[in-house]
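Student: sequence-free structure coming up:
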């Protein structure tokens, strides 16, 4: 299995994939559009690789960082999301923006991807939201955007872990100011602990 390729960009294949030359061998690697644009201006390539084995093909997918590759693998772990759909998702925005959006429960970016409908977008959010929020919290990053993210961050600053904070947020009214929702979440947590 190929884990990483370092070489030079040698143009594109007929389907738009990049051709990466390594030691005289040209590998056809599917990459996000931002990576393809970057390779056209700077032909030196260093990509982390996911190998997708199918009955009739062996496809390589290249991502610029280990974090991008990990997120790509999280996406393809979801039923109904294959490597091409995951690559399409990663074409919509950078990995961190996508993670924040999913962690906040926002599926609007995902529905912009061809072939990803509202139900698929909701399934991605449901399956990845808590995982991504926990990972962001472990790194000390913001776990969401908007009012939900602010309430989650406030609860975590008060010493609650990400799963507790998410449970509390699910147990309160969806309407109201950040302060009102934080108060409700704290009451919810207080009743659960007593």
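Tutor: Looks like it came in fine. Fair warning: this is a prediction, and the values are worked out from it, not measured in the lab. Numbers count the residues shown, from 1 in each chain.

Student: Report the next helix or strand after the helix or strand of the chain with the lowest mean pLDDT in sequence order.
Tutor: Here the helix or strand of the chain ranked lowest by mean pLDDT, DSSP states H and E is helix 146-157, holding a mean of 70. Next in sequence after helix 146-157, counting helices and strands by DSSP states H and E, comes helix 162-170.

Student: can you give me the strands in the protein?
Tutor: In the chain, the strands defined using DSSP state E lie at 4-12, 18-22, 25-30, 44-53, 58-63.

Student: residue ranges with poor pLDDT in the chain?
Tutor: Applying pLDDT under 70 to the chain picks out residues 136-149, 162, 173-175, 192-194.

Student: who does the lengthiest helix in the chain touch, helix- and strand-wise?
Tutor: The longest helix of the chain (DSSP state H) is helix 118-138. Helices and strands touching helix 118-138, by 3 or more C-beta pairs under 8 Å, 6 or more residues apart in numbering; DSSP states H and E, are helix 66-76, helix 95-103, helix 162-170. No exception for glycine: its C-beta is placed from N, CA and C like everyone else's.

Student: what do you get if the cut-off is 6 Å, keeping everything else the same?
Tutor: helix 95-103, helix 162-170 (3 or more C-beta pairs under 6 Å, 6 or more residues apart in numbering; DSSP states H and E).

Student: buried set for the first one?
Tutor: Going back to what we said before, that points to helix 95-103. 95, 98-103 (16 or more other C-beta atoms under 10 Å).

Student: tell me what it is packed against?
Tutor: helix 118-138.

Student: how far out from the middle of the chain is the helix it packs on?
Tutor: On the basis of C-alpha atoms, centre = their mean, to the nearest Å, helix 118-138 sits 8 Å off its chain's mean C-alpha point.

Student: do stretch 65-76 as well
Tutor: On the basis of C-alpha atoms, centre = their mean, stretch 65-76 sits 7 Å off its chain's mean C-alpha point.

Student: Tell me the buried residues in that stretch?
Tutor: For stretch 65-76, by 16+ other C-beta under 10 Å, it's 68-69, 71-72, 74-76.

Student: could I get the strands of the chain as JSON lines with distance to residue 171 and mean neighbour count?
Tutor: Below are the strands of the chain laid out as JSON lines (distance: least, C-beta to C-beta, whole Å; neighbours: other C-beta atoms under 10 Å):
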{"stretch": "strand 4-12", "distance to residue 171": "44", "mean neighbour count": "16"}
{"stretch": "strand 18-22", "distance to residue 171": "47", "mean neighbour count": "20"}
{"stretch": "strand 25-30", "distance to residue 171": "42", "mean neighbour count": "18"}
{"stretch": "strand 44-53", "distance to residue 171": "38", "mean neighbour count": "16"}
{"stretch": "strand 58-63", "distance to residue 171": "37", "mean neighbour count": "20"}
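
Student: Please consider this matter closed, and thank you.
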